[in-house]
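>>> Pasting the sequence and the predicted coordinates here, then a few questions.
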Amino acid sequence: MKPESNPRHFLSLMDFSPDELRQLIDRAIELKRKHYAGEPHTPLQGKVLGMIFEKSSTRTRVSFEAGMAQLGGAAMFLSPRDTQLGRGEPIEDTARVLSRMVDCIMIRTFDHATVETFAANSRVPVINGLTDRCHPCQLLADMQTYIEHRGEIRGKTVAWVGDGNNMCHSYIGAAKQFDFRLRIACPEGYDPDPTILAMGRDRCEIVRDPNAAVAGSDLVVTDTWISMGQEEEKAKRERAFAGYCVDRAMMDLAAADALFLHCLPAYRGKEVSADVLDAADSVVWDEAENRMHAQKALLEFLVN
Ligand code: CP
Ligand code: NVA
């Protein structure tokens, strides 16, 4: 196999141009149509995706694995527990070795620098499957879901309610790349990273009051208050985020045709009430499914 000297990576939404991202969404919608119509589409025959998971996952693992199988390729699950990564083999060496054997690598890890180091040493495209900094694959699915239900998101207003976490950071990137306004309602002390916020400054604002953020919004989004790795802060975080639960009264302040998204897993009665999560304006199950269609479009783009 001819080694690729300078592969494209997808470590954050900023690695792709707005046009490329928008085309990926259109392609995801087309691949979804093909899938529903039962039309085989197997451009990745003989290709292998390596998937390194240093954190838990349901959706990311299953969507990548099922997606690769549907595209005619194969996916391999690698955990630090049973690879030499867990025994201290450097990430650089792991990247050099794996990228001589597989055609694309997805990594879910803690420190964002790990995926950057991996990519810098990889001959093949590297995909960020979530770091403490961002979760760009989820945003492909979220944008696809909004566009499928309501049309273009450009010029719309999105309310982010809750933690200024990795998902919030990716919404800031999406506000820039997909050109929408983002109101971020987070309690003091839980703001997004100031450098990321500065990057999206012209489209994003911090609004402390969640009701004010949601009022008139076209899309309301939240996420767990306790991200993976923050389990020890559970009690402190639950106190800090009291009042930030997206409930029916809050959702009723949004635009009449507003949608609700949540990357899942969701904690009913914490960041979202059960009646919001399970209501008709909540499209979280389409959003979860779209992980697979959007990532198939991404794999097709990066690997072929
Ligand atoms: N939304 C998401 O990434 O889910 P998993 O943690 O289950 O992969
Ligand atoms: N913010 C959450 C997202 C999970 C998909 C976390 O990092 O755990």
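Alright, I've got the coordinates. Residues are numbered from 1 along each chain as shown. Ligands and ions are numbered 1, 2, ... in the order given.

>>> Please give the element, helix or strand, for the residue nearest the centre of the chain.
Nearest residue to the geometric centre of the chain (Cα atoms, centre = their mean): residue 138, 2.1 Å. Assigned by DSSP states H and E, residue 138 falls within helix 136-150.

>>> C-alpha coordinates for that helix, PDB please?
Extracted as PDB, the C-alpha positions of helix 136-150 are listed here (Å, rounded to 0.1, in the frame of the first residue of the first chain):
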ATOM      1  CA  PRO A 136     -17.000  17.000  16.300                       C
ATOM      2  CA  CYS A 137     -18.700  13.800  15.100                       C
ATOM      3  CA  GLN A 138     -21.600  14.500  17.300                       C
ATOM      4  CA  LEU A 139     -22.000  17.900  15.700                       C
ATOM      5  CA  LEU A 140     -22.200  16.400  12.200                       C
ATOM      6  CA  ALA A 141     -25.200  14.300  13.500                       C
ATOM      7  CA  ASP A 142     -26.700  17.300  15.200                       C
ATOM      8  CA  MET A 143     -26.500  19.500  12.200                       C
ATOM      9  CA  GLN A 144     -27.900  16.800   9.900                       C
ATOM     10  CA  THR A 145     -30.800  16.300  12.300                       C
ATOM     11  CA  TYR A 146     -31.700  20.000  12.500                       C
ATOM     12  CA  ILE A 147     -31.500  20.400   8.700                       C
ATOM     13  CA  GLU A 148     -33.600  17.300   8.100                       C
ATOM     14  CA  HIS A 149     -36.400  18.500  10.300                       C
ATOM     15  CA  ARG A 150     -36.300  22.300   9.800                       C
END
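
>>> Can you classify residue 188 by secondary structure?
With DSSP: H, G, I helix; E, B strand; the rest coil as the basis, residue 188 sits in coil.

>>> Give me the neighbour count for the residue nearest to it when sequence neighbours are not counted.
Nearest non-adjacent residue to residue 188, counting by Cβ to Cβ, 6 or more residues apart in numbering: residue 208, 7.0 Å away. C-beta: built from backbone N, CA, C; applies to glycine. If you count neighbours by other Cβ atoms under 10 Å, residue 208 ends up with 12.

>>> who's in contact with residue 208?
By Cβ atoms under 8 Å, 6 or more residues apart in numbering, residue 208 lies in contact with 185, 186, 187, 188.

>>> how about the residues of the chain near ligand 1?
57, 58, 59, 60, 130, 138, 263, 264 (Cβ under 6 Å from any ligand atom).

>>> Can you convert these into TSV and add a column each for secondary structure, distance to residue 20 and pLDDT?
Converted to TSV, the residues of the chain next to ligand 1 look like this (DSSP: H, G, I helix; E, B strand; the rest coil; distance: Cβ to Cβ, whole Å; pLDDT from 0 to 100):
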residue	secondary structure	distance to residue 20	pLDDT
57	coil	25	98
58	coil	28	98
59	helix	23	98
60	helix	21	98
130	coil	21	98
138	helix	17	99
263	coil	22	98
264	coil	26	98
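
>>> thinking again about what came up before, can you tell me which of the contacts of residue 208 is nearest ligand 1?
residue 186 (19.3 Å; Cβ to the nearest ligand atom).

>>> any idea how far the residue nearest to the closest one when sequence neighbours are not counted lies from ligand 1?
Nearest residue to residue 186 in three dimensions, chain neighbours excluded: residue 164, at 4.7 Å (Cβ to Cβ, 6+ apart). Residue 164 sits 17 Å away from ligand 1, going by Cβ to the nearest ligand atom, to the nearest Å.
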